[in-house]
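>>> Let me see the structure of the following:
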Amino acid sequence: MKKSYLHHLLCFVLLTLQTLLLQCNVQSQSLIYGTANGHLVSIDYLSGAYNVIPASINFPNPNTSFGCAIDQYNGRYFFDPAPISGSGVIRYIDLNTYETGVTCSFDYKNWIEYNSLNNSLIFETPGGDFYSYNLGDMVLTHLSTLPASNATIYGETRVYNPVNNTLFFQRYTDSTYYDIIDGFTGNLIHSMVAHGGVIESAVVDYQTGVYYGVRHDSIVHFDPVTDVVTPVIALPMHLVHLNNQMAVYDQDSSKFIIPTYNNASNKAYYIVADVKKPCIDRVFEQPDMNVNWQRMYSKPNTLLTRISDTLFCPKGVSYKWIFNNDTIPNIASSSFKPTRSGLYKAFVQYPDYPSESKEFNYTMTNTDEVQPPASILLYPDPADDLIYYEISDKPDGTGDVYHIAIIDNIGKIVFSADRKDPMHKGSIILKSLPSGFYAIQIRSQNFLVTKKFLHK
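The predicted structure is shown next:
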């Protein structure tokens, strides 16, 4: 009898501990982090619970913070506590341990973003200069200068997109501009006047690269390359943009959480929307209206991105690369340059969880396979519904039959055909393809050549 009682008691204790652990894991997925009154704080958007996390000696009063960024995969919250003073220091808090530290000291930062593919922070100065700070080797690099040096970047409407390694932001001169820069070099890739006006509260889905924002009291899906805006959900209340707060996006559950303010009641609220269903989940009052610069630690799945001839995955604790279901030996970094075409995956261990990427269909495009040299002329670029190509520097004896393919920015072949043209030129209809960056690849028995282009 006594043994039976002890057995049931032990089972009860184990089940209780298991339930608590599961609750903690679920809760950690729904926490929005911010700063208030010199403390790191968290808000659970599922329950509305508000928690003040004790400050350490390395955590200054961040109420003047102009911007923040988060490493979604490793749980590092970066913030800039005092850019206006001219002596700003980018600090961070490890959200797994709550340890704090200093990363970079630099004057007059306007905002910061985190690049998960090369483990660096990107920020811009009022003069239009872009800088990158590598968190691994602690090197500060000047990347580029914005053409319109007097431009003002609009609030929190900037977002790093790991799917195509770009940073999108809005800026003002006499008009509203959409700009896209390369996440490694800072080079301006695309710039256009946004005729539809400002996009508030921009976020991006890490697995699809789709952008969401708010325009005219509706949640929208928008394309910064074409300025095409598609309404997704009407907001249940008028949106009042709060300059000291940012919308956040839960990468795990596709929840878009938008802060707003009601003048009549002098209260602030959070609107929680599911952009995939799509629907409004709930609206609840903010437990503390003084929370600044929010970001969410949501632990998304590992993503593989191809840049030139190299595959990149986010920075983690350890890595395992897989080719056609076989582990590749002696590879322990977040980047890998394949030597063969085929299906690749990366398994990454992060501080708090492991994650395996989806398969990436990699087709060799490096110069070693181009025998002898050949090149492609593409026009127009950016292209609308039709793109023309010409193969130049053709080697003797190549013949007139070649295979042509178009590959999207996640390695998927979206067009494939065999062509025979003695003039080595032709056209491809792009009308059915979404806007974005693509690569055109042409292969014959004797050569392979690839070139990237932008489809508007």
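
>>> Just the mean pLDDT for stretch 428-436, thanks.
For stretch 428-436, mean pLDDT rounds to 86.

>>> Before we move on, what's the pLDDT of the closest residue to Gln251 other than its chain neighbours?
Of all residues not flanking Gln251 in the chain, Pro300 sits nearest, at 3.6 Å (CB to CB, 6 or more residues apart in numbering). Glycine gets a C-beta too; all of them are placed from N, C-alpha and C. Looking at Pro300, its pLDDT reads 93.

>>> ok, Pro300 to Ser416 distance?
Separation of Pro300 from Ser416 (CB to CB, to the nearest Å) stands at 30 Å.

>>> In terms of neighbours, single out the busier of those two.
Just comparing Pro300 and Ser416: by other CB atoms under 10 Å the higher neighbour count belongs to Pro300, 18 against 11.

>>> SS state for that one?
Here Pro300 is coil, with the state taken from DSSP: H, G, I helix; E, B strand; the rest coil.

>>> Pull the contacting residues for it.
Neighbour list for Pro300: 72-73, 206-207, 251-252, 355 [criterion: CB atoms under 8 Å, 6 or more residues apart in numbering].

>>> what's the answer for Lys456, then?
225-226, 382-384, 435.

>>> Surely Tyr388 is in a helix?
No - read with three-state DSSP, Tyr388 is strand and lies in no helix.

>>> my guess is it contacts Tyr379, does it?
Yes - contact criterion CB atoms under 8 Å: Tyr388 and Tyr379 qualify, at 5.4 Å.

>>> Counting neighbours, go ahead and name the busier of those two.
Tyr388 (14 against 11).

>>> Give me the distance between the spatially closest residue to the more buried one that is not a sequence neighbour and Asp418.
In space, and not counting its chain neighbours, Tyr388 is closest to Ser427: 4.8 Å by CB to CB, 6+ apart. With the distance defined as CB to CB, Ser427 ends up 16 Å from Asp418.

>>> who's more crowded, the two?
The residue with more neighbours, out of Ser427 and Asp418, is Ser427; 11 against 8, by other CB under 10 Å.

>>> low-scoring stretches of the stretch 1-150 of the chain, by residue?
Where the stretch 1-150 of the chain drops to pLDDT under 70, the residues are 1-29, 55-66, 81-88, 106-110, 126-127, 147-150.

>>> need the strands for it, in chain order.
31-36, 39-44, 50-53, 67-71, 76-80, 89-94, 100-105, 112-115, 120-124, 129-134, 139-145 (DSSP state E, counting those that start in this stretch).

>>> Turn the ones you listed into JSON lines, columns for distance to Pro231 and mean neighbour count.
As requested, the strands of the stretch 1-150 of the chain are exported to JSON lines (distance: least, CB to CB, whole Å; neighbours: other CB atoms under 10 Å):
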{"stretch": "strand 31-36", "distance to Pro231": "25", "mean neighbour count": "23"}
{"stretch": "strand 39-44", "distance to Pro231": "27", "mean neighbour count": "20"}
{"stretch": "strand 50-53", "distance to Pro231": "32", "mean neighbour count": "14"}
{"stretch": "strand 67-71", "distance to Pro231": "28", "mean neighbour count": "24"}
{"stretch": "strand 76-80", "distance to Pro231": "32", "mean neighbour count": "24"}
{"stretch": "strand 89-94", "distance to Pro231": "37", "mean neighbour count": "21"}
{"stretch": "strand 100-105", "distance to Pro231": "39", "mean neighbour count": "15"}
{"stretch": "strand 112-115", "distance to Pro231": "27", "mean neighbour count": "23"}
{"stretch": "strand 120-124", "distance to Pro231": "30", "mean neighbour count": "25"}
{"stretch": "strand 129-134", "distance to Pro231": "32", "mean neighbour count": "19"}
{"stretch": "strand 139-145", "distance to Pro231": "34", "mean neighbour count": "14"}
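
>>> Turn the ones you listed into CSV, columns for distance to Asp288.
Compiled in CSV, the strands of the stretch 1-150 of the chain are given as follows (distance: least, CB to CB, whole Å):
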stretch, distance to Asp288
strand 31-36, 6
strand 39-44, 7
strand 50-53, 6
strand 67-71, 16
strand 76-80, 17
strand 89-94, 18
strand 100-105, 21
strand 112-115, 23
strand 120-124, 27
strand 129-134, 31
strand 139-145, 35
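
>>> so which of those strands comes closest to Gly411?
Gly411 lies closest, by CB to CB, to one member of these: strand 112-115, at 19.9 Å.

>>> what's that closest one packed up against?
Packing contacts for strand 112-115, counted by 3 or more CB pairs under 8 Å, 6 or more residues apart in numbering; DSSP states H and E, involve strand 67-71, strand 76-80, strand 120-124, strand 152-161.

>>> Which among those is found nearest to Gln286?
strand 152-161 (16.5 Å).

>>> quick one: average pLDDT of the closest one?
Rounded mean pLDDT across strand 152-161 is 75.

>>> what are the pairing partners of the helix or strand following it, and which direction each?
Following strand 152-161 in sequence order, the next helix or strand is strand 166-172 (DSSP states H and E). According to DSSP bridges, strand 166-172 forms sheet pairs with strand 152-161 (antiparallel), strand 176-182 (antiparallel).

>>> Take the ones you listed and lay them out in a markdown table including mean neighbour count and distance to Thr145.
Output for the strands paired with strand 166-172, formatted as a markdown table (neighbours: other CB atoms under 10 Å; distance: least, CB to CB, whole Å):
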| stretch | mean neighbour count | distance to Thr145 |
| --- | --- | --- |
| strand 152-161 | 20 | 14 |
| strand 176-182 | 21 | 11 |
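
>>> To Thr305, which of the ones you listed lies closest?
strand 152-161 (9.6 Å).

>>> so what's Asp223 bridging to?
Val228.

>>> go on, Glu356?
Phe347.

>>> That one and Pro278: what is the separation?
28 Å.

>>> Please list all residues in contact with Ser333.
By CB under 8 Å, 6+ apart, the neighbours of Ser333 are Tyr319.

>>> That one: which element?
Going by DSSP H and E, Ser333 is not in any helix or strand.

>>> gap between the closest residue to Tyr206 other than its chain neighbours and Thr35?
Using CB to CB, 6+ apart and skipping the chain neighbours, the partner closest in space to Tyr206 is Pro300 (4.8 Å). Pro300 sits 23 Å away from Thr35, taking CB to CB as the criterion.

>>> Arg306 now?
Counting by CB to CB, the gap from Arg306 to Thr35 is 36 Å.

>>> Please apply the same query to Lys425.
In terms of CB to CB, Lys425 sits 58 Å off from Thr35.

>>> Pull the contacting residues for Thr327.
320-321.

>>> On the strand side of things, show who it bridges to.
Ile322.

>>> got a pLDDT number for it?
The model's pLDDT for Thr327 equals 92.

>>> Pipe the helices and strands packed on strand 112-115 into JSON lines and attach distance to Trp293 per row.
Shown next, in JSON lines, are those (distance: least, CB to CB, whole Å):
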{"stretch": "strand 67-71", "distance to Trp293": "4"}
{"stretch": "strand 76-80", "distance to Trp293": "7"}
{"stretch": "strand 120-124", "distance to Trp293": "14"}
{"stretch": "strand 152-161", "distance to Trp293": "8"}
